[in-house]
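1. only geometry, no sequence info:
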């Protein structure tokens, strides 16, 4: 079982040691982004405490996450619909191609039949035309 990577991060001047399954550089990048968001929010409103700013940033990130998940679900549904439509269009195209091939064979057969009738007519004695 993977125990994860030990990672040290700093958020708002406080250092934390974590065990993470992700690569340390990735976790540190996340921590830096979180630190930046909390710092920006606190700079915009100097009456916010660190914990209040962290909660607001957390809520904002959760909102983004839920919206992203919902958007991805919608996109998956649209892709599924497009794939179904493409499959139906492909099947219809295949059916039309088969029908066209059948008509082409029928035309060739009729041309052959017509050619034979004309040949018989040309070969037949003048009285039997």
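-> Structure received. Keep in mind the model is a prediction, meaning the values are calculated, not measured.
2. and the longest helix seen in the chain, average pLDDT?
-> Taking DSSP state H as the criterion, the chain has its longest helix at helix 50-123. Averaged across helix 50-123, pLDDT comes to 95.
3. same for it, what does it pack against?
-> Packing contacts for helix 50-123, counted by 3 or more C-beta pairs under 8 Å, 6 or more residues apart in numbering; DSSP states H and E, involve helix 24-44. Every residue, glycine included, has its C-beta placed from N, CA and C.
4. Residue 57: how many residues sit nearby?
-> Here the neighbour count serves as a burial measure; for residue 57 (other C-beta atoms under 10 Å) it reads 20.
5. So it is in contact with residue 44, correct?
-> No: contact between residue 57 and residue 44 fails when scored by C-beta atoms under 8 Å: they sit 11.5 Å apart.
6. Look up how far residue 54 lies from residue 47.
-> Taken as C-beta to C-beta, to the nearest Å, the spacing of residue 47 relative to residue 54 amounts to 15 Å.
7. Have a look at the two and say which one is more surrounded.
-> Set side by side, residue 47 and residue 54 show unequal neighbour counts under other C-beta under 10 Å, the larger going to residue 54 at 18 against 6.
8. For the more buried one, give me its contacts.
-> Applying C-beta atoms under 8 Å, 6 or more residues apart in numbering to residue 54 gives the contacts 12, 38.
9. How much space separates it from residue 60?
-> Distance of residue 54 to residue 60, given as C-beta to C-beta: 11 Å.
10. residues contacting residue 11?
-> When contacts are counted by C-beta under 8 Å, 6+ apart, residue 11 is found next to 31, 34-35, 38.
11. got a winner among the residues you listed for most neighbours?
-> Neighbours here are counted as other C-beta under 10 Å. On that basis the top member of the contacts of residue 11 is residue 38, with 22 neighbours.
12. Residue 50 is in contact with that one, correct?
-> Yes: when contacts are counted by C-beta under 8 Å, residue 38 is listed as touching residue 50 (7.2 Å).
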